[in-house]
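# starting from these lines, generate the structure:
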Amino acid sequence: MIKRLVERVQTLFTRKSARVKKEPKRYPAADHRIDRALVSRSAVRVCETLQKAGFDAYIVGGAVRDLLLGVAPKDFDVATNATPEQVKSHFRRAIIIGRRFRLVHVMMGPETIEVSTYRAPVGEEVATDEHGRVLADNVFGQRHEDAARRDFTINAMYYDPTTETLLDYHDGLKDVRRKRLRMIGDPEARYREDPVRMLRAVRFAAKLGFEIDEATRAPIARLAGLIENVPAARVFDEMLKLLTSGHSVACITRLRAEGLHHGLLPLLDVILEQPEGERFVMLALSRTDERVRAGKHIAPGFLFATLLWHEVLKRWKEREARGEHRIPALDAAIDDVLDAQTEKLAIQRRYTSDMREIWMLQPRFERRHGGAPYKLLEHLRLRAGYDFLLLRCAAQEAPAELGDWWTRFMHAPAEEREQLVASARALQPAGVARRRRRRRRGHAAVAVPPPA
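Numbering: from 1, shown residues only. Next up, the predicted model:
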């Protein structure tokens, strides 16, 4: 009871302090040294259009942080005192989205600029759950209130591209230069408002190489369980950002250090405690990081398939040990894992479909006789399944010879493919070869011919 009272007082104090008007520190271009060449022309046009209509408009959030670090931002957000309806009326291609937070997406060519209206502090009238998480919040406010509402100081700066002035309410520029991640307001109250901020703290610290301020880090271990109250779809979105950040190994390591991985990816808890599983997952994540940094495409379905593979493998072996046939046992094991995982993390159906196909292809790579290899060449997910096989070989859980054979087979001309199939057949145990020939007897006419 006393603990809840203290938390309530802290929350009220935080909300009250957020209402106190604060003038920002203003930095000209010579002080902040943002490179204009890194600023999106579309974001500049959005700001100019709104300013000409008499509104405030600033580039905000992660884009400003990245610009200060000399990194070209992936996307740009704009904050304004115009309402969503007013913003929409000034752009030909714009839509209002969101329920909890109403935003405007302004489309300009291939870019989408996200425009938000300044938010007021969280007040008594705002709907929250029993843990303090904000459920609906579209109360508009002023710029200084909007700055107090943002999570970390490094994400609470406003950049005017027309005057090249940086507005800083919470010493975010100093924190960027000190490589420090610091929460605005009382960290515990802010985590209760939105538990996803704990995941964001880990992601930013790992991605940027920043240290988490001790006051910001201290409540995380104690409040980690609050993530279970966040809608699974939101958790999935944040996890996807974390895993495709280009620093996923550092992020996973940090998640474990802060105790956030328990309950988030429940099956990953078990996997990371197994030497073979941890080796496989870390190898997959390190290769993903390499691809992200090289600007190559990342398939989320493939990534989540690697994360959950060892739990599938474990349940598959358990079912086989109970006498179930191999392929039906694998199919059932996949169902078990996906059912257990999606309770916590709403992996989208299009990704779970890819994951299932990648997993189901693995035993098919072992069939290198007759027309089976040629048939597999026609599979739409062959490349993903093959890459997954090579990952298993690299982690020493599948024979290196199997991966080498498929590499040669996939790139070989027709005559060499026939020789590879013949050599693989010769390596099979005699009893297995006889059983397979018996099953094929009488079906020679429908055998799949090798491609020309």
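
# dump the residue contacts of Y169.
By C-beta atoms under 8 Å, 6 or more residues apart in numbering, the contact set of Y169 is 22, 24-25, 144, 147-148, 156-157. Where you see a C-beta, it was placed from the backbone N, CA and C, and this is true even at glycine.

# S245 too?
203, 206-207, 251, 292.

# out of these, which is most surrounded?
C251 (25 neighbours; other C-beta atoms under 10 Å).

# my guess is that one contacts L243, does it?
Yes - here C251 reaches L243: they are 7.2 Å apart, a contact under C-beta atoms under 8 Å.

# picking up where we left off before, may I see the contacts of S245 arranged in CSV, with secondary structure, distance to A94 and pLDDT as well?
Formatted as CSV, the contacts of S245 follow (DSSP: H, G, I helix; E, B strand; the rest coil; distance: C-beta to C-beta, whole Å; pLDDT from 0 to 100):
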residue, secondary structure, distance to A94, pLDDT
R203, helix, 29, 91
A206, helix, 34, 91
K207, helix, 30, 90
C251, helix, 33, 87
V292, helix, 30, 90
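
# what lies in contact with the helix or strand hosting T49?
Assigned by DSSP states H and E, T49 belongs to helix 41-52. The list of residues contacting helix 41-52 from outside it, by C-beta under 8 Å, 6+ apart, reads 56-59, 63, 76, 78, 80, 82, 87, 90-91, 106, 108-109, 111, 113, 115, 160-162.

# please apply the same query to stretch 110-119.
Taking C-beta under 8 Å, 6+ apart as the rule, stretch 110-119 contacts 40, 42-43, 46, 50, 56, 60, 75-84, 87, 101-106, 137, 139-143, 145-146, 149.

# and those residues, which of them are buried?
40, 42-43, 46, 50, 56, 60, 76-84, 87, 102-106, 137, 140-141, 143, 145-146, 149 (16 or more other C-beta atoms under 10 Å).

# so which of those residues are in helices?
42-43, 46, 50, 84, 87, 143, 145-146, 149 (DSSP state H).

# of all pairs in these, which one is the farthest apart?
Across those, the longest distance by C-beta to C-beta is 27.0 Å; it joins S42 and E145.

# residue ranges of each domain in the chain, please.
2-190, 285-446 (automatic domain parsing).

# which among those domains is found nearest to R222?
domain 2-190 (8.2 Å).

# grab the nearest non-local neighbour of the residue nearest the centre of the chain.
For the chain, the residue nearest the mean C-alpha position is L240 (1.3 Å; C-alpha atoms, centre = their mean). Distance criterion C-beta to C-beta, 6 or more residues apart in numbering; nearest residue to L240, sequence neighbours excluded, is P300 at 5.9 Å.

# equivalent analysis for I95, please.
H105 (5.4 Å).

# residues contacting that neighbour?
Counting by C-beta under 8 Å, 6+ apart, H105 has contacts 94-95, 97, 112-115.

# kindly report the same for L285.
Contacts of L285 (C-beta under 8 Å, 6+ apart): 243, 248-249, 252, 306.

# that one: which element?
Using DSSP H and E, L285 falls in helix 275-293.

# point out where the stretch 301-450 of the chain drops to low pLDDT.
Counting by pLDDT under 70, the stretch 301-450 of the chain contains low-confidence residues at 342-344, 427-450.

# and the helices in it?
326-341, 349-361, 372-377, 382-394, 400-411, 414-426, 430-440 (DSSP state H, counting those that start in this stretch).

# could I get these as a markdown table with distance to R315 and mean neighbour count?
Rendered in a markdown table, the data for the helices of the stretch 301-450 of the chain read as follows (distance: least, C-beta to C-beta, whole Å; neighbours: other C-beta atoms under 10 Å):
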| stretch | distance to R315 | mean neighbour count |
| --- | --- | --- |
| helix 326-341 | 4 | 17 |
| helix 349-361 | 11 | 18 |
| helix 372-377 | 24 | 17 |
| helix 382-394 | 17 | 19 |
| helix 400-411 | 22 | 15 |
| helix 414-426 | 29 | 13 |
| helix 430-440 | 25 | 11 |
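
# closest to P195 out of the ones you listed?
Of the helices of the stretch 301-450 of the chain, the one closest to P195 (C-beta to C-beta) turns out to be helix 326-341, at 19.2 Å.

# the closest one packs against which elements?
helix 266-271, helix 300-321, helix 349-361 (3 or more C-beta pairs under 8 Å, 6 or more residues apart in numbering; DSSP states H and E).

# now the ones you listed in JSON lines, with distance to P373?
Converted to JSON lines, those look like this (distance: least, C-beta to C-beta, whole Å):
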{"stretch": "helix 266-271", "distance to P373": "31"}
{"stretch": "helix 300-321", "distance to P373": "22"}
{"stretch": "helix 349-361", "distance to P373": "12"}
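
# would you mark the buried spots in stretch 108-116?
Buried residues in stretch 108-116 (16+ other C-beta under 10 Å): 108, 113-116.

# wait, which of the residues you listed is closest to S286?
Closest to S286, out of all of these and judged by C-beta to C-beta, is E114, at 31.2 Å.

# quick check: closest non-adjacent residue to the closest one.
Nearest to E114 is D77, by C-beta to C-beta, 6+ apart, at 4.8 Å.

# settle this for me: that neighbour is touching A57, isn't it.
No - if you go by C-beta under 8 Å, D77 and A57 don't touch, sitting 11.2 Å apart.

# give me every residue that touches the residue nearest to L240.
240, 243-244, 351.

# export those residues as JSON lines, with columns for distance to V196 and secondary structure.
Output for the contacts of P300, formatted as JSON lines (distance: C-beta to C-beta, whole Å; DSSP: H, G, I helix; E, B strand; the rest coil):
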{"residue": "L240", "distance to V196": "12", "secondary structure": "helix"}
{"residue": "L243", "distance to V196": "15", "secondary structure": "helix"}
{"residue": "T244", "distance to V196": "16", "secondary structure": "coil"}
{"residue": "Y351", "distance to V196": "20", "secondary structure": "helix"}
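
# E366: neighbour count?
13.

# wait, isn't it in contact with L402?
Yes - look at E366 against L402 with C-beta under 8 Å: they come within range, at 7.0 Å.

# how about R279, what does it touch?
395-396.

# related to what we said a few turns ago, who wins for proximity to A233 among the helices of the stretch 301-450 of the chain?
Here helix 349-361 is closest among those (C-beta to C-beta), at 12.1 Å.

# I figured R93 hits G109, correct?
No - using C-beta under 8 Å, R93 is not in contact with G109, being 9.5 Å away.
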